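**Q** The following comprises the amino acid sequence and a computationally predicted model.
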Amino acid sequence: MSEPDRATTSADTVTFRRARRAAIAGGVGTFVEGYDFSSYGYLSIFIAPLFFPDQDPVVSLLLTLVVFATAYVARPLGGIVFGLLGDRVDRGRVLVATILCMGVATTLLGLLPTTATIGVTATVLLIVLRLIQGLSVGAEVAGAATFVSEAAPNRFKSRFGAFNPAGATLGFGAAAAVAGLVSALTTAEQMAQWGWRIPFLLALPLTLVCFAIRRRITAEAQPVEQAGKRTSLLDVLRLGWLPILKGAGLSAAVNGTAYFGLTYVSIHLIQQLGYPKTGVYWVTTAVVVITALLMLPVGRLGDRWDLPRLGVAGSIGFLALTWVGMWLMGQGSLPLAGLAFAVIMANSAFLQVTGYSLSPELFPRAIRFTGMSLGWNIGVIVAGGTAPVLCVWLVEVTGNALAPAFFVMTAALVGLIAIWAIATGPRPGRDGD
């Protein structure tokens, strides 16, 4: 091998290792964010009567899920503030800050007095802490995706980009597992009184471990060369309004379909179909973990197929399988329901890898963090945070337990339109800008 060939091979090895470490840093952070943010959704059935007491349990649950959706209102603000800092200063420092912000807010949720103790103040504090979580997670996805995308060469963007949704989805799975374990080890009365607090309190040691890992890796990573200009929000909107709209459509599809499975299906199986809580938590855990692990080979496939084709496959899968899968869930067998759930969520692996890996490519480097934050969070607000409450509402209004399937199918159609628009337009992040 000649000296230039050796030098090229050595440079490629260093680049590959740097991209892999960036992917680990991104995945670790999205894992914590996923665990912390989703714990509220899995425990909403227990939180509802404690913070929103009402004679009608459906009303209590709806109010609790409205607070779940309210956290998404803060996401664009968090994306703007942290995104501008990331574009102007340093991606890594912002990613370290977001993980701490989320961990502290989640721990405080576990310590929060209920309305029986301090009245309506408990409800107000619950909302405030959820808004803080929203600020953090609003920057996390875009920051992690940007950090990884900029570290990875074009031929590996999907492979390493898959670490971010895999981490986030594993976080959802860990939250479901902890909720299931606590539910199994406590009585129904204990779970309602204090058991629901344990998953939130476990966020503290989890955050400290993941914080240490991310801080070390981001500190060692070479900072991305800044554009030399203090980019403002007006600059982002002027230069990136069209990519933001495309990103919002892709995000709505990714998050609408994902949050249906990650936050609503467990509620559906328990409340609408009457399956036992503990069994549902374990089924949800298994399905979510399988989905997360599937993302890594799907990421490799994305580098072969190209990301738009990967997203089309996931969208068509949701259109074809969601209604049938929900019908199978209602046949009275929890194992069959779990299998149907797994088949539906396999499509999420394709769509999530596409969304996390493709979205950073829509923007030039100078506005990438902020631009992706805006597009992603608009989509999350429209279809992600609203998914559980809309699905519960659809069932109540129509009296049809299969009505949420049409919400998912609509989100998938939006995804197909967004992917077509992206595939036929420029992708500055892939072109080296």
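**A** Looks like it arrived, so ask away. Residues are numbered from 1 along each chain as shown.

**Q** Any stretches of the stretch 151-300 of the chain with poor pLDDT?
**A** Applying pLDDT under 70 to the stretch 151-300 of the chain flags the ranges 220-230.

**Q** What segments of it are helices?
**A** Counting by DSSP state H, counting those that start in this stretch, the stretch 151-300 of the chain has helices at residues 157-161, 163-185, 188-190, 197-201, 203-220, 233-259, 265-267, 277-305.

**Q** Please list all residues in contact with Ala168.
**A** Ala168 makes contacts with 30-31, 33-34, 141, as judged by Cβ atoms under 8 Å, 6 or more residues apart in numbering. Just so you know, the C-beta spots here come from the backbone N, C-alpha and C atoms, and that holds for glycine as well.

**Q** Geometric centre of the chain: which residue is closest?
**A** Ala168 (5.5 Å; Cα atoms, centre = their mean).

**Q** residues contacting Arg304?
**A** Per Cβ under 8 Å, 6+ apart, neighbours of Arg304: none.

**Q** now, the most widely separated pair of the contacts of Ala168?
**A** The distance between the two most remote of these (Cβ to Cβ) is 12.3 Å, for Phe31 and Val141.

**Q** By residue count, which helix of this structure is the longest?
**A** helix 3-42 (DSSP state H).

**Q** helices or strands next to that one in the packing?
**A** Helix 3-42 sits against helix 57-70, helix 91-110, helix 120-151, helix 157-161, helix 163-185, helix 197-201, helix 203-220, with contacts defined as 3 or more Cβ pairs under 8 Å, 6 or more residues apart in numbering; DSSP states H and E.

**Q** buried sites along that helix?
**A** 18-42 (16 or more other Cβ atoms under 10 Å).

**Q** quick one: average confidence on the helix or strand that it is followed by?
**A** Using DSSP states H and E, the next helix or strand after helix 3-42 towards the C-terminus is helix 44-51. In this model, helix 44-51 has a mean pLDDT of 81.

**Q** can I have helix 44-51 written out in CSV, keeping just the CAs?
**A** Output of helix 44-51 as CSV, limited to C-alpha atoms (Å, rounded to 0.1, in the frame of the first residue of the first chain):
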residue,chain,number,x,y,z
SER,A,44,-50.7,9.1,33.4
ILE,A,45,-53.4,6.7,34.6
PHE,A,46,-52.1,7.0,38.2
ILE,A,47,-51.3,10.8,37.9
ALA,A,48,-54.7,11.7,36.7
PRO,A,49,-56.8,11.3,39.9
LEU,A,50,-53.9,12.8,42.1
PHE,A,51,-53.5,16.1,40.2
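
**Q** what packs against that helix?
**A** helix 57-70, helix 115-118, helix 120-151.

**Q** C-alpha coordinates for the shortest one, PDB please?
**A** Once non-C-alpha atoms are left out, helix 115-118 reads as follows in PDB (Å, rounded to 0.1, in the frame of the first residue of the first chain):
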ATOM      1  CA  THR A 115     -53.600  18.300  45.100                       C
ATOM      2  CA  ALA A 116     -54.800  16.500  48.300                       C
ATOM      3  CA  THR A 117     -51.800  18.100  50.000                       C
ATOM      4  CA  ILE A 118     -51.400  21.600  48.500                       C
END
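
**Q** And for that helix, what's in contact with it?
**A** Contacts for helix 115-118 (Cβ under 8 Å, 6+ apart): 50-53, 122-123.

**Q** now those residues: which count as buried?
**A** 50-52, 122-123.

**Q** Mind pulling up the pLDDT for Thr9?
**A** 58.

**Q** So the nearest residue to Trp196 once chain neighbours are set aside versus Ala174, what's the distance?
**A** Excluding the flanking residues, the one nearest Trp196 by Cβ to Cβ, 6 or more residues apart in numbering is Phe46, at 4.1 Å. From Phe46 across to Ala174, the span is 18 Å (Cβ to Cβ, to the nearest Å).

**Q** Which one's more surrounded, these two?
**A** Higher neighbour count among Phe46 and Ala174: Ala174, with 23 against 19, using other Cβ atoms under 10 Å.

**Q** for that one, what are its contacts?
**A** Residues near Ala174 by Cβ under 8 Å, 6+ apart: 31, 34-35.

**Q** dump the residue contacts of Ala411.
**A** 252-253, 256-257, 260, 318, 383.

**Q** For stretch 75-84, output the C-alpha coordinates as PDB.
**A** Output of stretch 75-84 as PDB, limited to C-alpha atoms (Å, rounded to 0.1, in the frame of the first residue of the first chain):
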ATOM      1  CA  ARG A  75     -40.400  22.800  22.700                       C
ATOM      2  CA  PRO A  76     -40.100  25.500  20.000                       C
ATOM      3  CA  LEU A  77     -38.800  28.000  22.500                       C
ATOM      4  CA  GLY A  78     -36.300  25.600  23.800                       C
ATOM      5  CA  GLY A  79     -35.300  24.700  20.200                       C
ATOM      6  CA  ILE A  80     -34.800  28.400  19.400                       C
ATOM      7  CA  VAL A  81     -32.800  29.400  22.500                       C
ATOM      8  CA  PHE A  82     -30.600  26.300  22.600                       C
ATOM      9  CA  GLY A  83     -30.500  26.100  18.800                       C
ATOM     10  CA  LEU A  84     -29.100  29.600  18.400                       C
END
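
**Q** residues near Ile213, how many?
**A** Ile213 has 16 nearby residues by other Cβ under 10 Å.

**Q** Now it: closest residue in space that isn't a chain neighbour?
**A** In space, Ile213 comes closest to Val28 once its chain neighbours are excluded; the distance is 5.0 Å by Cβ to Cβ, 6+ apart.

**Q** In contact with that neighbour: list those residues for me.
**A** Counting by Cβ under 8 Å, 6+ apart, Val28 has contacts 167, 210, 213-214.

**Q** Would you format those residues as TSV with distance to Arg300 included?
**A** Shown next, in TSV, are the contacts of Val28 (distance: Cβ to Cβ, whole Å):
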residue	distance to Arg300
Gly167	17
Cys210	25
Ile213	24
Arg214	24
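
**Q** Could you single out the nearest of the residues you listed to Asn400?
**A** Of all the contacts of Val28, Asn400 sits closest to Gly167, with 35.2 Å by Cβ to Cβ.

**Q** Wait, the closest one touches Ala25, no?
**A** No: the criterion here is Cβ atoms under 8 Å, and Gly167 misses it with Ala25 at 9.8 Å.
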